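A.B. asks: coords please:
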Amino acid sequence: MKKLTNIGNEIKRRRLARQLTQTQLANLVGATQGRIGDWERGSVAPSLENLRRLAHELGQFVIGSNRADSPPDERAEHEADDDAASDP
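C.D. replies: Numbering: from 1, shown residues only. A predicted model of the protein is given here:
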């Protein structure tokens, strides 16, 4: 459920940054205002096609590849990999 919440938060953040209402965004992506609300709350995941439409209207975004979303042990592992890769 955390990933859905992250997606929803990103949709809402970008919608508000563009000063769009849920209804306006719904009209742009061919959804209903209620569906936009569902996505923003994380109660329903947008389909791949809807994610494409959202990315078109709100700018491309990737959820889940951010290391901050990884468990702490994985973050430390990635950071160690990055440090090793940057050493000459």
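
A.B. asks: ok, Ser47 - how many residues close by?
C.D. replies: Residue crowding around Ser47 was assessed by other CB atoms under 10 Å; the count is 10. Glycine gets a C-beta too; all of them are placed from N, C-alpha and C.

A.B. asks: Please tell me I have it right and Gly37 contacts Thr21.
C.D. replies: No. With contact defined as CB atoms under 8 Å, Gly37 does not reach Thr21; the gap is 10.9 Å.

A.B. asks: who's more crowded, the two?
C.D. replies: When Gly37 and Thr21 are compared for neighbours, Gly37 comes out ahead with 15 against 12, by other CB under 10 Å.

A.B. asks: Flag every buried residue along the host helix or strand of that one.
C.D. replies: In the assignment (DSSP states H and E), Gly37 maps to helix 33-41. By neighbour count, with 16 or more other CB atoms under 10 Å as the criterion, the buried positions of helix 33-41 are Arg35, Ile36, Asp38, Trp39, Glu40.
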